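>>> quick one, structure for this:
(chains A and B)
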There are 2 protein chains.
Amino acid sequence: MTDYRRLRVALLGAGAVGSQVASLLLRHGDELADRAGARLELAGIAVRDVDAPRDVDLPRDLFTTDAETLITGADIVIELMGGIEPARSHILLGLGSGSDVVTANKALLATHGPEVFEAADRVGASVYYEAAAAGAIPIIRPLRDSLAGDRVVRIMGIVNGTTNYILDRMDIEGADFAEVLADAQALGYAESDPTADVEGHDAAQKAAILASLAFHTAVPLDAVHCEGISAITSSMIEEARAAGFVIKLLAVCERLTGGDTEKISVRVYPALVPRSHPLASVHGANNAVFVEAEAAGSLMFYGAGAGGVQTASAVLGDVVSAARRHIAGGVGVGESTRGNLPVARIGDVVTRYQITLEVADEAGVLAAIAGLLSEGGVSVATLVQTAVPSEEGEEETARLIIGTHRATESALSAAVERLAASDVVERVVSVLRVEGE
Amino acid sequence: MTDYRRLRVALLGAGAVGSQVASLLLRHGDELADRAGARLELAGIAVRDVDAPRDVDLPRDLFTTDAETLITGADIVIELMGGIEPARSHILLGLGSGSDVVTANKALLATHGPEVFEAADRVGASVYYEAAAAGAIPIIRPLRDSLAGDRVVRIMGIVNGTTNYILDRMDIEGADFAEVLADAQALGYAESDPTADVEGHDAAQKAAILASLAFHTAVPLDAVHCEGISAITSSMIEEARAAGFVIKLLAVCERLTGGDTEKISVRVYPALVPRSHPLASVHGANNAVFVEAEAAGSLMFYGAGAGGVQTASAVLGDVVSAARRHIAGGVGVGESTRGNLPVARIGDVVTRYQITLEVADEAGVLAAIAGLLSEGGVSVATLVQTAVPSEEGEEETARLIIGTHRATESALSAAVERLAASDVVERVVSVLRVEGE
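The predicted structure follows:
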């Protein structure tokens, strides 16, 4: 066995990911030393309660509640506590005392990324965060390094496993949202408070991180347009299927090149994806990130987006990178943010839409609706009309599924408002964007 | 515009990839400078013939036939000449004179990798080669860095676009190998001498590179078992389809854990892949690498495996990494080869097989064949018998498609030899491995 230099590793947090990281560090010490060129010595694990039950059996004497002392004595700090504080202060303390930092904290990076990266730059340290977006899937290094000589045009990501699991089961079983959600909660695929997943907040944090990397621009979380999937019904999925689509919650990061100045758009919403698109085949709780770049063309990265041991793999890859940098010397390479592109308002985004309406089944209705749409510059590409069975004594109604040509969100919203206010429209059933055509 | 430090870049070769690299370096200079933290100055392009026609219009005064002078004055050398010499000498000269090296030369790395990496280690430089396997798909960094804390169990890669294009068209059109190959040559998807692609040599070079990274072990090219696709017929593809499979040329890199000592296997051959496997959906000239790791689970990387501008994207990503390292200081991080695992003989590899036989259509044949197989420890898992229409006066024959349970290659070969020699077997039509179940 080679006599390697020792590097002290401080682990903050011992939840599902943290306990797996600790276990792998202890079990695979020799292998990791050979790869890192340094022995990674787990100096301690900072937790709130030393006696709390853990997923994995770990030596009792590694645990401490004194995070500060642990951090200031470390060469590498792994932050897996989540949340903003005290994670932020701990990371800044680590950087300030000469450590490199590995974190999986997407909430922190999406809100305080620039502060953290600047702190690292000041001392020549590095921050590694492969586990912060799309779990075990290597996506940070490909965007940060492999595509650094290219221009990313668009990213479409399925970056939240819970919502993909729910939508996939709704698609396969024809089940309703509430029913599948309850089942997902019982099976542990969804949290008891599912808001962060279901309303797209988790995906929005990851979108901010991916867009920042892809466009070399610090994208603040509040610039990300975000809609969740709680309004998706089984009949919307049924209609999508009939039209050759599947509904996926997508994080879309896009370069908008139409206007005078180049802008980017970063948005999360449920969208119609053609069944032939590679993202349509991403089932269950899996994640995938589809990247289009000017020179490289289309790339896709697929794998487990969450899970303790899967995410631990990404964290340990970062720990090895941090160790190699420590051994190699030199300063850390900071984030590239000189792209500095403005983020467009959602109203300026251009896509196709599918609008489903319930309308009176009478002469002249189609013409009236086409007129209301075209007034605002929205034109009809496809139209399917089906009869809605009416109860005795009720008026005859029909269901219209309208596929539009490409239009801005603001033109589309205005057109939908006119439709909703019109006498011939009984009800606007749904409006969905189409992505990936 | 920031006043960046200048780094001199020497480009060796101006073929399909090289001319695109030069063009992108010149066009995107400002953007690349912002990302690299250094201005990448294309100092010159070394070619054999300055006046040869090029794919891309480039300034005449950049070209030189004096590679040595160009190399010794450079900070970063990009080697895109291909072949062993003079590429090898040029790379060693570059490393010796303090440059970092970027190369896409899979033939060189698969045969002289250790020599090149040792030369880099001696001077603390780095060798980048993202473009050497699977073109534009980021696979080197994920294996080298992102999965450095994990244990790769198996890689199955479609890493040769030409053969995937041919097999895909044979599968879709029911066409014959020779016919599709001729068409692929006319369309520029296959070379006029297609041997390197069709016989698996190109895929074997990439397999050696991927296995070396995945298992932290220097895998020499001659340890890679290699079979091509020239023997694949349309009826083999038809039979595969009937059984729920598609035939793909796979590079398989596998950790064998059964025996006393851990070994690895690295092999290239056409194999039956279940149609439900993600690799089965890789169409045309695209590439994909499917990775199974102990902690991360299953990952897949998909994209264009070749093409001038696509491969140029990967090369430029490496150039930016090399520039960042130059600016950051510190020594280059060498290859991790301390895994040092022995490579198993092909005879020790264990898979399932599908054997197609033409047999006499008479009583007792099935029992005789099952007996011949089981003598050597090969047992039958599935069996399909179909009648073969016989001409007048000919003997009645039947076709047997046998799916075996898992067996070693050596047991299987011995069993197939017994079958071929047996009186009841008219002909061994095909023997194919099954991968990805």
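>>> quick check: beta-bridge partners of A:Gly157?
Following DSSP bridges, A:Gly157 is listed with bridge partners A:Ala251, A:Val289.
>>> that one: how many residues sit nearby?
30 (other Cβ atoms under 10 Å in any protein chain shown). C-beta: built from backbone N, CA, C; applies to glycine.
>>> check contacts around it.
A:134, A:203, A:206-207, A:210, A:250-253, A:287-290 (Cβ atoms under 8 Å, 6 or more residues apart in numbering or on different chains).
>>> kindly report the same for A:Leu92.
A:Leu92 touches A:115-116, A:119, counting by Cβ under 8 Å, 6+ apart.
>>> in ChimeraX, select just the buried ones from those.
ChimeraX command restricting the contacts of A:Leu92 to the buried ones, with burial defined by 16 or more other Cβ atoms under 10 Å in any protein chain shown:
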select /A:116,119
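>>> would you turn the contacts of A:Gly157 into TSV with distance to A:Arg35, pLDDT and neighbour count?
Formatted as TSV, the contacts of A:Gly157 follow (distance: Cβ to Cβ, whole Å; pLDDT from 0 to 100; neighbours: other Cβ atoms under 10 Å in any protein chain shown):
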residue	distance to A:Arg35	pLDDT	neighbour count
A:Ala134	23	87	32
A:Ala203	32	98	32
A:Lys206	28	97	27
A:Ala207	32	98	30
A:Leu210	27	97	27
A:Leu250	35	98	27
A:Ala251	32	98	30
A:Val252	36	98	24
A:Cys253	32	98	31
A:Asn287	26	97	25
A:Ala288	27	97	25
A:Val289	26	98	28
A:Phe290	30	98	25
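>>> among the residues you listed, which one lies nearest to A:Tyr165?
Closest approach between the contacts of A:Gly157 and A:Tyr165, by Cβ to Cβ: A:Asn287, at 10.7 Å.
>>> doesn't A:Ile158 make contact with the closest one?
Yes - using Cβ atoms under 8 Å, A:Asn287 makes contact with A:Ile158 at a distance of 5.5 Å.
>>> find residues that contact each of the two.
In contact with both A:Asn287 and A:Ile158: A:164, A:305, using Cβ under 8 Å, 6+ apart.
>>> need the per-residue pLDDT for the closest residue to chain B within the stretch 1-150 of chain A.
In the stretch 1-150 of chain A, the residue found nearest to chain B is A:Gly149; the distance is 2.4 Å by Cβ to the nearest Cβ. With respect to pLDDT, A:Gly149 has a value of 95.
>>> one more: A:Met1?
59.
>>> what is the burial count for A:Ala280?
18.
>>> which residues touch it?
A:246, A:248, A:273-274.
>>> close to chain B, is stretch A:96-114?
No - counting by Cβ under 8 Å from any Cβ of the partner chain, chain B has no neighbours in stretch A:96-114; the shortest distance is 10.1 Å.
>>> what is the end-to-end distance of that stretch?
15 Å (Cα to Cα, to the nearest Å).
>>> quick one: distance of that stretch to the chain centre.
17 Å (Cα atoms, centre = their mean, to the nearest Å).
>>> what pLDDT, on average, does it get?
For stretch A:96-114, the mean confidence score works out to 96.
>>> what residues of that stretch count as buried?
Applying 16+ other Cβ under 10 Å to stretch A:96-114 flags A:97, A:99-113 as buried.
>>> try stretch A:356-375
A:356-357, A:359-361, A:365-366, A:368-369, A:372-373.
>>> determine which two of those residues are furthest apart.
A:Asp361 and A:Leu373 (19.0 Å).
>>> and the contacts of A:Gly157 as CSV, adding distance to A:Ala52?
Output for these, formatted as CSV (distance: Cβ to Cβ, whole Å):
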residue, distance to A:Ala52
A:Ala134, 28
A:Ala203, 29
A:Lys206, 28
A:Ala207, 33
A:Leu210, 33
A:Leu250, 37
A:Ala251, 33
A:Val252, 39
A:Cys253, 38
A:Asn287, 29
A:Ala288, 35
A:Val289, 34
A:Phe290, 40
